[in-house]
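Novice: Predicted model, plus sequence, below.
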Amino acid sequence: MAGEVALRETALSERLLLLTLGGETPGTSYGANCLAFAGGEATLLVDPLIAPAHARLVEEAVARRGFPPVRQVVVTHHHTDHALGAGWFASRGARVVAHGRCAPLMAAQHPAMVRERRRQPDLAALFADAEPHLPAVTFEDRLTLDLGGAAVEVLHLGPGHSPGDAVVWLPSEGTAATGDHLFSGYHFNYEEADRGLLSALDRLEALPARRLVPGHGPAGGPERIAEQRRYHETARRLVAAAPDAEAAGRALLAAFPEYLLPVAVGTAWPFWRSPEPRSP
Ligand SMILES: [Zn+2]
C-alpha cells in the first residue's frame with residue numbers, strides 16, 4: 001500500500017524537513033506531519049507516522065537529504081497516526097520519547113487497534129508488520145535532547161488534544177512542532193481532548209516561535225494558533241446552539257466546508273456539551 005502513496009517533502013530550512021502523505025485516511029497516516037531535524041550527529045524525528053511502511057518512506061527521504069542517522073524520535077501523543085511508526089525506528093536503534101501520560105495510552109490502545117486494522121482487507125497489508133511500541137524515555141514537564149551541537153526542548157504545555165501532549169521546540173530554527181494542539185485545514189478531533197486545550201494554546205503562543213508545524217496541515221506562523229482558537233470558539237458556539245449531535249456536526253461542516261477529516265466533527269458535541277472540565 002505504501003507504494004501507492006507519495007511522501008510530500010517540504011524543506012523548511014537546511015536542517016528541517018517536513019514530511020507528510022497528505023489526505024485523511026489511515027492509508028496516508030491521516031495526513032499527519034512528520035518533522036525531521038538534523039543535528040550535528042543525529043537526526044530527531046517528531047511523529048513517525050502510522051506504520052512501518054510509512055516510517056521507511058520517512059527514513060529514505062531523510063537519508064536522501066544527507067541528514068545524520070535518526071537517533072531520537074519524539075511522539076507528540078498516543079494517536080496511531082503520530083505514534084505507531086516509532087517501532088520501526090526503535091528497531092533501527094533510535095530512542096523513542098513521549099510524555100508520561102502518553103505511554104500508558106499507547107499500551108492500552110495500540111494492540112487492539114493494530115489487530116482491528118489487520119482484519120480490514122484494505123488495511124491489512126499496511127499494518128501487517130506494525131507492532132505496538134512503548135517509549136524508552138518519558139518526561140513530565142520538560143526534557144532537553146542533545147543532537148550534537150543542537151539542543152531541542154520537549155515540552156508538556158498541559159493536556160489539550162490528549163492527556164499526554166508533547167510539543168517539540170527547536171530554538172535554533174525558531175520552530176515548534178505542536179502535534180495535534182494545532183490542526184490546519186483539518187477538523188479538530190476532540191475525542192480525547194481536555195478542557196485545558198485553550199490554556200495550552202496560550203502557553204504555545206508564549207513560545208518565541210516564528211514557525212509552527214501543526215499535527216496536520218501546512219506549517220505557518222502564529223496565525224495558526226488564531227485559526228485554531230477560531231475553530232474551537234465556532235465549535236463551542238455551534239454545539240451550544242444545536243438541538244442534537246447530528247445538527248451540530250452539520251453546522252460545523254458548513255462553517256468549515258473546505259476542511260479535511262469530516263469524520264471528526266462528531267467529536268465536538270460530547271466535548272463542548274460536557275458541563276465540567278475534564279481535568280483541573
Ligand atoms: Zn491526534
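Specialist: The structure has been received and is ready for your questions.

Novice: quick one: contacts for the residue of the stretch 151-280 of the chain found nearest the ion?
Specialist: Nearest residue of the stretch 151-280 of the chain to the ion: Asp180, at 3.7 Å (C-beta to the ion). In short, each C-beta sits where N, CA and C put it, glycine included. By C-beta atoms under 8 Å, 6 or more residues apart in numbering, Asp180 lies in contact with 76-77, 79, 82, 160-162, 165, 188-189, 214-216.

Novice: try it again with 6 Å
Specialist: By C-beta atoms under 6 Å, 6 or more residues apart in numbering, the contact set of Asp180 is His161, Gly215.

Novice: can you list the residues of the stretch 1-150 of the chain near the ion?
Specialist: With C-beta under 5 Å from the ion as the criterion, the stretch 1-150 of the chain meets the ion at residues His79.

Novice: Next up, phi/psi of the nearest residue to Leu147 once chain neighbours are set aside, please.
Specialist: Distances taken as C-beta to C-beta, 6 or more residues apart in numbering put Gly39 closest to Leu147, at 2.3 Å, once the chain neighbours are dropped. For Gly39, the backbone dihedrals (degrees, to the nearest 10) come out as phi -90, psi -170.

Novice: mind listing the helices for the stretch 101-250 of the chain?
Specialist: 103-118, 124-127, 197-206, 223-241, 245-255 (DSSP state H, counting those that start in this stretch).

Novice: got TSV for those helices, with mean neighbour count, distance to Asp146 and mean pLDDT too?
Specialist: What follows is the helices of the stretch 101-250 of the chain, written out as TSV (neighbours: other C-beta atoms under 10 Å; distance: least, C-beta to C-beta, whole Å; pLDDT from 0 to 100):
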stretch	mean neighbour count	distance to Asp146	mean pLDDT
helix 103-118	16	22	98
helix 124-127	18	34	97
helix 197-206	17	24	98
helix 223-241	17	28	98
helix 245-255	16	43	98
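
Novice: and the residue nearest to Leu147, how many neighbours does it have?
Specialist: The number of residues packed near Gly39 is 22, by other C-beta atoms under 10 Å.

Novice: Give me the neighbour count for Glu131.
Specialist: The tally of other residues near Glu131 (other C-beta under 10 Å) stands at 15.

Novice: give me every residue that touches it.
Specialist: By C-beta under 6 Å, 6+ apart, the neighbours of Glu131 are Gly87.

Novice: where does the protein have low pLDDT?
Specialist: When residues are selected by pLDDT under 70, those of the chain lie in 1-4, 276-280.

Novice: By residue count, which strand of it is the longest?
Specialist: strand 175-183 (DSSP state E).

Novice: Direction included, what does that strand pair against?
Specialist: Within its sheet, strand 175-183 is paired with strand 167-170 (antiparallel), strand 211-216 (parallel), according to DSSP bridges.

Novice: Redo those strands as a markdown table? Include distance to the ion and mean neighbour count.
Specialist: What follows is these, written out as a markdown table (distance: least, C-beta to the ion, whole Å; neighbours: other C-beta atoms under 10 Å):
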| stretch | distance to the ion | mean neighbour count |
| --- | --- | --- |
| strand 167-170 | 13 | 25 |
| strand 211-216 | 6 | 26 |
